[in-house]
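> Make a model of this:
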Amino acid sequence: MEASKPANSVVKALRVLHAVARADGPHRLGDIAERSGVSKASTHRVLATLVEEGYAAADGEGRYGCGNQLRAMAAQVLADDAVGIDAVLRALQQRLGQAVHLAVPSGDHATYTHKVDPGHAYRIATDVGAPLPLHATAAGKALLAHLPAEEAAAVLDRTGLPARTPHTHTDRAGLVEELAAIRDAGYATDYEEADASICSIAAPVLDADGTPVGAVSVSSLTFLVTEEQLAGFAPAVRQAAEDVSRRL
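Sure, this is the predicted structure:
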């Protein structure tokens, strides 16, 4: 009997963590306990540990959502090419002839974990590991658009909408309206919103619950690609994001 207790505790913790990570969060204690099949008392103890270790986050109003450590684990999974993500990104680059990236959520921003450069002489000045503003990049907006509304609002409350260029969204109502259109279209674009002369298009990588765990993006230079041409990349970018989702 004694030997089975640690395993039972691990199972409880995993069930609670899975309930916390559902896409419709953040969640109240009672909902987490019900969905995980763990008693409220045990759920509360597990949540206290998860929050302390950074795998869950409390919103101060009795609800719990994903913590930064959990998001970092998702990023590490995406960075590991055991599932063949590089092959999908290389195929997209060869099809469109532009720079291709994979970005993942990282706290209140996104981070590139993969990059495939184009073959032509012009290179996009982006770095793997560099933070990306969610409100001003195609990848960031693709992630924001598919977060639960309350979670996306909380991110914007914390970060604000700082102007990166004259084209950056600094009006929150306008951005929220665009995020709704992104959800409907399945892709996001930015045309010199984060950096002058750079444009991007991105589609979200979703897990089985519809939670955004990454975004596939294609970037180019505005003197090479018009806004109409950029939008024309959408079917290929969406297909690549769906391919990555299936491989995960």
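> could you measure the residue lying closest to residue 18 once chain neighbours are set aside against residue 50, distance?
In this structure, residue 18 finds its nearest non-sequential neighbour in residue 36, 7.0 Å apart by C-beta to C-beta, 6 or more residues apart in numbering. C-betas here are computed from N, CA, C, even on glycine. From residue 36 across to residue 50, the span is 12 Å (C-beta to C-beta, to the nearest Å).
> Touching both of the two, which residues are there?
residue 16 (C-beta atoms under 8 Å, 6 or more residues apart in numbering).
> Run a quick neighbour tally on the residue nearest to residue 18.
21 (other C-beta atoms under 10 Å).
> Just list the residues touching it, thanks.
Counting by C-beta under 8 Å, 6+ apart, residue 36 has contacts 12, 15-16, 18-19, 43.
> what does residue 147 give?
Counted by C-beta under 8 Å, 6+ apart, residue 147 has contacts 155, 212.
> For this structure, which residues score under the pLDDT cut-off?
1-7, 23-25, 68, 71-72, 74-83, 120-123, 125-127 (pLDDT under 70).
> what about the helices in it?
Here the chain has its helices, by DSSP state H, at 4-20, 29-36, 40-53, 68-79, 85-96, 138-145, 149-159, 172-185, 227-232, 234-247.
> Deepest-packed of those helices, please.
Highest mean neighbour count among the helices of the chain (mean count of other C-beta atoms under 10 Å): helix 138-145, with a mean of 29.
> okay, the angle between that one and helix 234-247?
60 degrees (axes from the mean of the first three to the mean of the last three C-alpha atoms, to 10 degrees).
> got a list of contacts for helix 138-145?
Residues outside helix 138-145 that contact it (C-beta under 8 Å, 6+ apart) are 101, 103, 105, 109-110, 112, 132-135, 152, 155-156, 178-180, 182-183, 187-190, 200-204, 212, 214-215, 217.
> Now the buried members of the residues you listed.
Neighbour-count burial (16 or more other C-beta atoms under 10 Å) applied to those gives 101, 103, 105, 109-110, 112, 132-135, 152, 155-156, 178-179, 182, 187-190, 200-204, 212, 214-215, 217.
> Could you list the domains of this structure?
4-66, 71-247 (automatic domain parsing).
> from the middle of its chain, how far away would the first one be?
Distance of domain 4-66 from the chain centroid (C-alpha atoms, centre = their mean, to the nearest Å) equals 21 Å.
> And for the last one?
Average the C-alpha atoms of domain 71-247, do the same for its chain, and the two points are 8 Å apart (C-alpha atoms, centre = their mean).
> got a list of what the closest residue to residue 51 other than its chain neighbours touches?
Spatial nearest neighbour of residue 51, excluding adjacent residues (C-beta to C-beta, 6+ apart): residue 58 at 5.4 Å. Listed by C-beta under 8 Å, 6+ apart, the contact set of residue 58 reads 47, 51, 64.
> 10 Å instead?
By C-beta atoms under 10 Å, 6 or more residues apart in numbering, the contact list for residue 58 reads 26, 47-48, 50-51, 64-65, 67.
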